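model this:
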Amino acid sequence: MLKLCDCGQTMKLELRRLVYKRRTFISHVPVYACQHCPTYELMPLVKPDLLDYLNSLDGDKHQTRISFADIYEPVSILQDVLASYSGSIEEFQRCYKEAFEDRVNMLLDLYRFAKASNDTAWMDEIKARLEKVNAFLQLKMESSDFCAS
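Numbering: from 1, shown residues only. Presented below is the predicted three-dimensional model:
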């Protein structure tokens, strides 16, 4: 998943640490980062959820350190894939697809159980999780597009 920067150079998808209001440190945030200038931008898929999280912190005056992977399931899966693969582009693509498909299957199993239990709140939560994980599954990525940090 490559993107072009305004400077004309390639931007790659990386997991970075973001600082919000000098008191909140969020690691493992997927951003597109230019390889030649200091430009970076948040990955569009994660932006709404990251903004929701940041808005929930507005009244909090304490310093916070958190991994985005702890609060956003697709990034947790992505982080695991990046930590475990160490080979070719094909291996990365296989690991990525397998990890996200496994999570979709697990969530579908949970959904069936929630439905059998007539737990509509749980079903709604699982549907939301499925949508987010499936959106990442639909992305076409190559190992050269990532830099784990």
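
For this protein, give me the ranges with low pLDDT.
In the predicted model of the chain, residues 1-2, 89, 140-149 satisfy pLDDT under 70.

any idea how far the spatially most central residue of the chain is from residue 26?
In the chain, the centroid-proximal residue (Cα atoms, centre = their mean) is residue 75; its distance is 2.8 Å. Noted for residue 75: a distance of 10 Å to residue 26, by Cβ to Cβ, to the nearest Å. For every residue, glycine as well, the C-beta is placed using N, CA and C.

do residue 83 as well
Per Cβ to Cβ, residue 83 is found 18 Å from residue 26.

what about the two, which has more around it?
Set residue 83 next to residue 26 and count neighbours by other Cβ atoms under 10 Å: residue 26 wins out with 23 against 9.

Identify the residues contacting the closest residue to the more buried one other than its chain neighbours.
Excluding the flanking residues, the one nearest residue 26 by Cβ to Cβ, 6 or more residues apart in numbering is residue 18, at 4.9 Å. Residues near residue 18 by Cβ atoms under 8 Å, 6 or more residues apart in numbering: 25-26, 29, 31.

for those, which one is nearest residue 109?
residue 29 (29.2 Å; Cβ to Cβ).

isn't that closest one right next to residue 46, touching?
Yes - between residue 29 and residue 46 there is a contact at 7.1 Å, judged by Cβ atoms under 8 Å.
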